[in-house]
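Engineer: Have a look at this prediction, sequence included:
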Amino acid sequence: MKLQILKSIIEKKKNKSEFAIITNLKTGESEIFEKDKPLSKEMQVYTNQINNCFKSKKNGVIENSEIFVETYILPIKVIVVGAVHIAQYLVDFAKSLNFEISIIDPRGYFASEQRFPDMKIINKWPDEAFNEIDTNENTALIALTHDPKIDDPALQHALNKKFYYIGALGSKKTHENRCQRLKEAGFSDEQINSIHGPIGIKLGGRSAPEIALSIIAQLVSETYKK
Amino acid sequence: MKNSFDEKILEEAHDWVKTNQKVVLATVIQTWGSSPRQVGSRMIVNEKGDFSGSVSGGCVESAVVRECIGLIKDNKPSKKIEFKVSNESAWEVGLACGGEIAVYLEQVN
């Protein structure tokens, strides 16, 4: 692989764009494929197969050829509400995973840069913060404040936008009250039951890093269920 | 399809190149049967045999390192190698899981 190609792959990953690397296994030549951009003459014969791999996000050698396609998919957006202690560990665990975390917390003391270096923290109320983030059914929400004033608007947004994972921290009692409020706000049982609450898989631990681990484990598991 | 894992191996390869190391990328391009790592999994190897990442669960990495060093020595741009089920009575490396994988080696130049 040419160094120039390697550099542009890294650049494209940084810029969060979706692309594929096409390698001719015979010659060792590779090129970058992007949607709606023309391929080199040599690769044009394989346009359909390459497009199919790209659409289905698959890696592999095109049948009866020496062409290898490797697709790069966008990181999954994970919105964390509450710049609390657990969130600090979530950021740590997510570093080697394909999750792009954004933290929302209107409370200035929590959302400080010192507590979350190199992190995008939105120091606003959820309703306002969601105007800045593009969300859809491929987005995940982790609500950690267990303060209805902050968590509830975020949960409502996530339910309306059909996030694939919604988790909310809090005891069983807290969660029951939360479900009641969402019911009164007009959400169906099916929608409310889709919320993972109390959040995380049962590991037994109660410290911040242990809870963060149980949340990340559940998030990964739900990611592969889709 | 979603994937919650992000290989940062190409970023690491770039760091190695910046410090004047010769780097070979080894990529899993095909698998048959039960193979430990998916197509697209990578490891990088330098001329000294230092490596990072993986193409299996530790089963064939040492052979891949040897092949990569050979590629650098012979100054060849690329090569494809295949690994099959291991033979317990032989010293050769193989995949204990019974799968087969094809790995593509290419120098960064």
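Structural biologist: Cool, the structure landed. Small disclaimer: the values here were computed from a predicted structure and weren't measured.
Engineer: ok now stretch A:100-112, how far from the chain's centre?
Structural biologist: When C-alpha coordinates are averaged (Cα atoms, centre = their mean, to the nearest Å), stretch A:100-112 and its chain have centres 17 Å apart.
Engineer: which of the residues in it are buried?
Structural biologist: Along stretch A:100-112, the positions that meet the burial threshold by neighbour count (16 or more other Cβ atoms under 10 Å in any protein chain shown) are A:100-106, A:110-111. Every C-beta, even on glycine, is put in place using the N, C-alpha and C of the backbone.
Engineer: for stretch A:84-104, same thing?
Structural biologist: By neighbour count with 16+ other Cβ under 10 Å, stretch A:84-104 contains the buried residues A:84-91, A:93-94, A:97-104.
Engineer: Straight-line length of that stretch, end to end?
Structural biologist: Stretch A:84-104 has its terminal residues 10 Å apart, counting by Cα to Cα, to the nearest Å.
Engineer: How about the residues of chain B by chain A?
Structural biologist: Within reach of chain A by Cβ under 8 Å from any Cβ of the partner chain, chain B has these residues: B:1-6, B:8, B:10-11, B:13-14, B:17, B:25, B:27, B:29-30, B:38-40, B:77-78, B:80, B:104, B:106-109.
Engineer: Any of those buried? List them.
Structural biologist: Neighbour counting by 16+ other Cβ under 10 Å classes B:2-4, B:6, B:10, B:13-14, B:17, B:25, B:27, B:29-30, B:39-40, B:78, B:80, B:104, B:106-108 among the residues of chain B next to chain A as buried.
Engineer: which residue packs closest to A:Lys77, ignoring adjacent ones?
Structural biologist: Residue nearest to A:Lys77 in three dimensions, not counting chain neighbours: A:Thr139, with 4.6 Å by Cβ to Cβ, 6 or more residues apart in numbering or on different chains.
Engineer: contacting residues for the one you found?
Structural biologist: A:76-79, A:158, A:161, A:163-164 (Cβ atoms under 8 Å, 6 or more residues apart in numbering or on different chains).
Engineer: Kindly recompute the last result at 7 Å.
Structural biologist: For A:Thr139, the set of contacting residues under the criterion of Cβ atoms under 7 Å, 6 or more residues apart in numbering or on different chains consists of A:77, A:79, A:161, A:163.
Engineer: Just the buried residues of stretch A:84-104: which are in strands?
Structural biologist: Members of the buried residues of stretch A:84-104 lying in strands (criterion: DSSP state E): A:99-104.
Engineer: what's the closest of those to chain B?
Structural biologist: For those, the closest approach to chain B (Cβ to the nearest Cβ) belongs to A:Phe99, at 6.5 Å.
Engineer: Could you give the bridge partners of that closest one?
Structural biologist: As for beta bridges, A:Phe99 partners with A:Ile76 under DSSP bridges.
Engineer: these two touch, right, it and A:Val80?
Structural biologist: No - A:Phe99 sits out of contact with A:Val80 when judged by Cβ atoms under 7 Å, with a separation of 10.0 Å.
Engineer: Quick check: which element contains the residue nearest in space to the middle of chain B?
Structural biologist: Central residue check for chain B by Cα atoms, centre = their mean: the C-alpha nearest the mean position is that of B:Ala26, 3.6 Å away. Under the criterion DSSP states H and E, the helix or strand holding B:Ala26 is strand B:23-32.
Engineer: What strands flank that strand, and is each parallel or antiparallel?
Structural biologist: Paired strands of strand B:23-32, with direction, are strand B:42-46 (antiparallel), strand B:100-107 (antiparallel) (DSSP bridges).
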